[in-house]
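> Curious how this folds, go ahead:
(one chain, ligands or ions: 2)
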Amino acid sequence: MAKGQAFSCSACGASFSKWSGRCEGCGEWNTISEDTGLAAGPGSKSLGGRRGRTVPLSDLATQEAPPPRTLSGMDELDRVLGGGLVPASALLVGGDPGIGKSTLLLQAAARFAGAGLKVIYISGEEASAQVRMRAQRLGLGEAPVQLGAETNLRDILTTLESERPALVIIDSIQTMWSDSVDSAPGSVSQVRAAAHELTSFAKRKGISVIMVGHVTKEGQIAGPRVVEHMVDTVLYFEGERGHQFRILRAVKNRFGPADEIGVFEMTGRGLAEVANPSALFLSERGSPSPGSAVFAGIEGTRPVLVEFQALVAPTPHSQPRRTVVGWDGSRLAMILAVLEARCGIPFTGLDVYLNVAGGLKVGEPAADLAVAAALLSAREDAALPADTVIFGEISLSGALRPAPQTENRLKEAQKLGFTAAIAPAGGKSGTAPGMSVTRAVDLVGFVGETFGAG
Ligand code: TYD
Ligand code: MG
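Residues are numbered from 1 along each chain as shown. Ligands and ions are numbered 1, 2, ... in the order given. Presented below is the predicted three-dimensional model:
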C-alpha cells in the first residue's frame, strides 16, 4: 500500500489505514472510502524536533464581551441561532434534498442584507438566473444580495477576499471543489477539505459562513460527519415532503442552546414563520377520539403541545407490528414492557402504531406518560378528556419522574384552552392559573385514575 494512503468512514469520519467493508468505528457497511490528497492527518507527521512557539494563556475570569449579533428579523430563525447571527461564525444547515434549504437561506440572506450585512449567496447547484427567478417568486427581487454561481473554491475565496462580505452562503458544500485535493466533488475528502478551507478562511477574515449540506438516505449529512465538528452551529431542516410544516432544529450550537426549534410553513411564496406551533400541531385534532393524547412538551426553550396518536389492533401476524413515526421505537418498546410488567396490561397479539401529528419529531422522555395514555386509550377504546394535557417520564419501575419546566408546560396548555393536566408528583410543582393538575406518583396510580381499574 502506498505511503500516506488513508481511508475514512463517511458516516462517522473515523480514519483507517486500510479499506474494509464495515466501519469499526460505527458499524456501518460500505461507508469506507479512500481519502486522496489527505495523509493520515497531523498525527502522522513527525514533529522533527522543531520547537513551537509559546501559546498565550489567559485565566477563566478574562472579560469577554458577548459577541454582537445580527438579527434577521425572522424570529424562528433568530431563536434557533441562539439570538441572531454571530460574526465570523460557521454554520452547517443540513436536510433532505427538496426540503427547502435553498428557499430558507435565500430568505435569510435577504433578511440579513436588509438588516445591514453585506451578503453573498454562492450557488453551486443552480445558475444565477435560476436563483434570481426564485428570489422574484419569493418577493425578494429587490433585496441587496450578491449572487454567484460557482463551484471552484479557490475562485470563491478570491472573490470573498476582495468583496469582504459579512456573510456568505454556500449552497451546497457537496458541490464545492477544492484543487488542493484531487478527488471528485462530493467525495468525502473534497467535502472535508472544502469545508475546512472555507471555515478557516472565513474565521480569519471575520466572515460568517453558512454551508448547506444534503443529507443522505441514512439521515446523515452526506460526506463526512467531520464537517459537523468544524462548524460552530449545526442546524437540521426537517419535515415530511407531503406536509407543509418544516422544523429548523439546532443540533449543535456554540452560541446558544441546542435542541431549539423554529417552525415554518412552506407556502406558495416561500417559507412562512409559524409563531404558535402548538396551535398548528393541534389544528388537525377533531372531537376526542380513542388513542389520542396531548403532550405538553418543551422544545429548546419553548413549550410546544403535540398530539400523540395510537392505534392498537389484533394482529394477523405471528409477530405483532410496532410502528412509530416521530418518536423513538425502542422507547415505545420500553413503555409497552413497563405497562405489561408493572400494570399487568399486555399488548401481546396486538399491533401497535404510534404517530406524532404534524410531522414533529419528539425526543423528550417526558413524553412517556402521554404515549402510555395514548396506547391505553386506544387499547381500551376510551377517549381521554379533551381538555387535558399529559406529561411525565416513566422509569422501568413504573415510577413517574418529574419533568423540567412544569410551569411553562402548564401555561402553554392554558393558553391553548386546556383546563387540566396530568403530571408526575414530586419535583418543582409549578402551577398555572385556571389549570387543575392531577399529580400521579406512578404508572399504576395513573392507570387506575384515568382508566378505572385498568
Ligand atoms: P428548495 O429550497 O429548492 O430545497 P433544497 O434546497 O432543500 O433542495 O425547495 C424546493 C421545494 O420547495 C420545491 O419542491 C418547491 C417548494 N417551494 C414551494 O413550495 N414554495 C416556494 O415558494 C418555493 C421557492 C419552493
Ligand atoms: Mg437547494
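
> Ligand 1 contacts on the protein?
Contact residues (C-beta under 6 Å from any ligand atom) of the chain with ligand 1: 95, 97-103, 134, 137-138, 266, 268-270. All C-beta spots, glycine's among them, are computed from the backbone N, C-alpha and C.

> Phe295 looks like it's in a strand, true?
Yes. Counting by DSSP: H, G, I helix; E, B strand; the rest coil, Phe295 is part of a strand.

> picking up where we left off before, farthest pair within the residues of the chain next to ligand 1?
Spanning the widest gap among the residues of the chain next to ligand 1 are Pro97 and Arg269, at 21.4 Å by C-beta to C-beta.

> Mind telling me which residue of the stretch 151-300 of the chain is nearest ligand 1?
Using C-beta to the nearest ligand atom, the closest approach of the stretch 151-300 of the chain to ligand 1 is made by Gly270 at 4.1 Å.

> On the strand side of things, show who that residue bridges to.
Counting by DSSP bridges, Gly270 forms beta bridges with Thr267.

> Give me the buried positions along the worst-scoring helix or strand of the chain on mean pLDDT.
Least confident helix or strand of the chain, by mean pLDDT, DSSP states H and E, is strand 32-35 with a mean of 80. Of all the residues in strand 32-35, those buried under the rule 16 or more other C-beta atoms under 10 Å are 32, 34-35.

> Could you do stretch 327-341 as well?
By 16+ other C-beta under 10 Å, the buried positions in stretch 327-341 come out as 327, 331-332, 334-336, 338-339.

> if we can go back for a sec, out of the residues of the chain next to ligand 1, which end up buried?
In the residues of the chain next to ligand 1, burial by neighbour count holds for 95, 99-103, 134, 138, 266, 270, counting by 16+ other C-beta under 10 Å.

> Can you dump the C-alpha atoms of stretch 92-107 in PDB for me?
What follows is stretch 92-107 as a C-alpha-only set of coordinates in PDB (Å, rounded to 0.1, in the frame of the first residue of the first chain):
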ATOM      1  CA  LEU A  92     -24.000  24.000   8.600                       C
ATOM      2  CA  VAL A  93     -27.600  23.600   7.500                       C
ATOM      3  CA  GLY A  94     -28.400  20.000   6.700                       C
ATOM      4  CA  GLY A  95     -31.600  18.500   5.300                       C
ATOM      5  CA  ASP A  96     -33.100  16.200   2.700                       C
ATOM      6  CA  PRO A  97     -32.900  17.400  -0.900                       C
ATOM      7  CA  GLY A  98     -36.000  19.400  -1.800                       C
ATOM      8  CA  ILE A  99     -37.000  20.100   1.800                       C
ATOM      9  CA  GLY A 100     -36.500  23.800   1.300                       C
ATOM     10  CA  LYS A 101     -32.900  24.700   2.400                       C
ATOM     11  CA  SER A 102     -32.200  26.900  -0.600                       C
ATOM     12  CA  THR A 103     -35.500  28.700   0.000                       C
ATOM     13  CA  LEU A 104     -34.800  29.200   3.700                       C
ATOM     14  CA  LEU A 105     -31.300  30.500   3.100                       C
ATOM     15  CA  LEU A 106     -32.300  32.800   0.200                       C
ATOM     16  CA  GLN A 107     -35.000  34.300   2.500                       C
END
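
> Next up, identify which helix or strand the nearest residue to Leu271 once chain neighbours are set aside is on.
Beyond its immediate neighbours in the sequence, the residue positioned closest to Leu271 (C-beta to C-beta, 6 or more residues apart in numbering) is Phe264, lying 4.3 Å away. Under DSSP states H and E, the secondary-structure element containing Phe264 is strand 261-267.

> Looking at that strand now, give me its mean pLDDT.
Strand 261-267 shows a mean pLDDT of 92.

> The residue of the stretch 151-300 of the chain closest to ligand 1 and Gln107 touch, don't they?
Yes. Contact status for Gly270 versus Gln107: in contact at 5.7 Å, counting by C-beta atoms under 8 Å.

> Find the residues that touch each one of those two.
Common neighbours of Gly270 and Gln107, counting by C-beta atoms under 8 Å, 6 or more residues apart in numbering, are Leu138.

> Now the stretch 351-454 of the chain against ligand 1: closest residue?
Distances between the stretch 351-454 of the chain and ligand 1 by C-beta to the nearest ligand atom are smallest at Gly359, namely 15.2 Å.

> Just the helices from the stretch 51-200 of the chain, written as ranges.
75-80, 101-114, 128-137, 153-163, 188-205 (DSSP state H, counting those that start in this stretch).

> Now do the longest strand belonging to the chain: distance to the chain's middle.
Counting by DSSP state E, the longest strand found in the chain is strand 302-314. Going by C-alpha atoms, centre = their mean, to the nearest Å, the spacing between the C-alpha centre of strand 302-314 and its chain's C-alpha centre is 20 Å.

> What of stretch 193-201?
Relative to the centre of its chain, stretch 193-201 is centred 23 Å away, using C-alpha atoms, centre = their mean.

> Can you tell me the SS state at Leu339?
State at Leu339, reduced to three classes by three-state DSSP: helix.

> can you tell me which residues contact it?
Leu339 makes contact with 345, 347, 372, 375-376, 443 under the criterion C-beta under 8 Å, 6+ apart.

> 6 Å - rerun?
Leu339 makes contacts with Ile345, as judged by C-beta atoms under 6 Å, 6 or more residues apart in numbering.

> Distance check, it against Gln63.
For Leu339, the distance to Gln63 (C-beta to C-beta, to the nearest Å) stands at 54 Å.

> Need the buried residues of stretch 327-341 in a markdown table (columns: distance to Glu449 and secondary structure).
Written out in a markdown table, the entries for the buried residues of stretch 327-341 read as follows (distance: C-beta to C-beta, whole Å; DSSP: H, G, I helix; E, B strand; the rest coil):
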| residue | distance to Glu449 | secondary structure |
| --- | --- | --- |
| Trp327 | 24 | coil |
| Arg331 | 23 | helix |
| Leu332 | 23 | helix |
| Met334 | 22 | helix |
| Ile335 | 18 | helix |
| Leu336 | 20 | helix |
| Val338 | 17 | helix |
| Leu339 | 15 | helix |
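
> What is the burial count for Ala432?
As a burial measure, Ala432 scores 18 neighbours (other C-beta atoms under 10 Å).

> Same check on Val274?
One way to gauge burial is a neighbour count; for Val274, by other C-beta under 10 Å, it gives 19.

> Looks like it contacts Glu265 (just checking).
Yes. In this structure Val274 lies within contact range of Glu265 using C-beta atoms under 6 Å: 5.4 Å.

> which neighbours do the two share?
With C-beta under 6 Å, 6+ apart applied, the contact sets of Val274 and Glu265 do not overlap.

> per-residue pLDDT, Gly37?
According to the model, Gly37 scores 51 on pLDDT.
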